[in-house]
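Undergrad: Fold the stuff below for me.
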Amino acid sequence: MRVLVVDDTTLMRQGIKSFLEKRSTIEFVGEASSAEEATELAATLQPDVILLDQDMPGLDSIEAIKLIKARHPKSEIIVLAEGADDEKPFRTLEAGATGYVLKDITPENLARAVEGVCNGRTLIHPHVTRQLVERFRTLAREQTKTDGTHLGGLTTREFEILLEMSKGATDREIANKIFVSTTTVKSHIRSIFRKIGARNRTQAVVYVLKNRLIT
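TA: Next up, the predicted model:
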């Protein structure tokens, strides 16, 4: 797994580099001190994962994520943040990030996060995940229509799967939770994506959150 580290602090970049280079499954391919530089390097290095500092001078991280994903859609982005007490976590996910972790994360857990997003999972700090779950629960109570469907025309089962997706659950984990086959789960997920116009799991989750914030 090829990793590009983006942070305006040299010590932070070097610290992550030192650890990642010890992992046999991860290849440190480069570092950048700004979002603009990261966008240029991504074109040459083709990283599988970009570790992006949330607060850097210059280009806003939200706009940086949108730009990187537009030019390099296959690169997964994990945002590294100092805290998660405002709306930034949800805005970064909406922009296209597939992970959101705090900088106090242990090196081992950071490695797991890198491996996780490469295997189709969304890694989100527990505090943010709790906020996601609470918002979904509120939606489940307030957005249910009389015909049994939810926001975006989702069925109750599809909404339940969307909630599990927000927790980072895999297809198999969702199947075990709701007692159906993984094939059935995949079918539901395709239906969810189609109904709300999402391209991936993260966009599906953010769609509901965004609509909740608007309403």
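Undergrad: how many neighbours does Arg172 have?
TA: 11 (other Cβ atoms under 10 Å). Where you see a C-beta, it was placed from the backbone N, CA and C, and this is true even at glycine.
Undergrad: Can you read off the pLDDT for Leu132?
TA: Leu132 carries a pLDDT value of 69.
Undergrad: check contacts around the nearest residue to Thr25 once chain neighbours are set aside.
TA: Of all residues not flanking Thr25 in the chain, Met1 sits nearest, at 6.2 Å (Cβ to Cβ, 6 or more residues apart in numbering). By Cβ atoms under 8 Å, 6 or more residues apart in numbering, Met1 lies in contact with 25-27, 48-49, 114-115, 118.
Undergrad: separation between Met1 and Pro47?
TA: With the distance defined as Cβ to Cβ, to the nearest Å, Met1 ends up 9 Å from Pro47.
Undergrad: quick one on the thing from earlier: can you pick the most crowded of the contacts of Met1?
TA: Result: Val49 is most packed of the contacts of Met1 (other Cβ under 10 Å), 25 neighbours.
Undergrad: so what pLDDT did Arg212 get?
TA: At Arg212, the pLDDT value in this model is 52.
Undergrad: typo on my end, it should be Val49
TA: Val49 is given a pLDDT of 94.
Undergrad: can you pull the contacts of it?
TA: 1-4, 75-78, 114, 117-118.
Undergrad: Work out which residue lies at the spatial centre of the protein.
TA: By Cα atoms, centre = their mean, the chain has its centre lying nearest to Thr98, at 2.0 Å.
Undergrad: how close does the residue nearest to Ala35 when sequence neighbours are not counted sit to Ala70?
TA: The shortest distance from Ala35 to any non-neighbouring residue, by Cβ to Cβ, 6+ apart, is to Ala64 (3.4 Å). Ala64 is 11 Å from Ala70, where distance means Cβ to Cβ.
Undergrad: okay, these two: which has more neighbours?
TA: Ala64 (26 against 10).
Undergrad: wouldn't that one be in contact with Ala32 here?
TA: No. In this structure, Ala64 is not within contact of Ala32 by Cβ atoms under 8 Å, at 10.4 Å.
Undergrad: Find residues that contact each of the two.
TA: Ala38.
Undergrad: Give me the domain ranges for this protein.
TA: For the chain, automatic domain parsing gives the domain ranges 2-124, 128-214.
Undergrad: and the first one, how far from the chain's centre?
TA: This points to domain 2-124. Centroid separation between domain 2-124 and its chain, computed with Cα atoms, centre = their mean, to the nearest Å, is 11 Å.
Undergrad: isn't the residue nearest to the centre of the chain right up against Val117?
TA: Yes. Counting by Cβ under 8 Å, Thr98 touches Val117, with 4.8 Å between them.
Undergrad: which neighbours do those two share?
TA: 76, 78, 123.
Undergrad: who wins for neighbours among those?
TA: Most surrounded of these: other Cβ under 10 Å gives Glu76, at 28 neighbours.
Undergrad: and the closest residue to that residue other than its chain neighbours, what does it touch?
TA: Distances taken as Cβ to Cβ, 6+ apart place Val117 nearest to Glu76, at 4.2 Å, with adjacent residues excluded. If a contact means Cβ under 8 Å, 6+ apart, then Val117 has 49, 76, 78, 98-99, 123 as its contacts.
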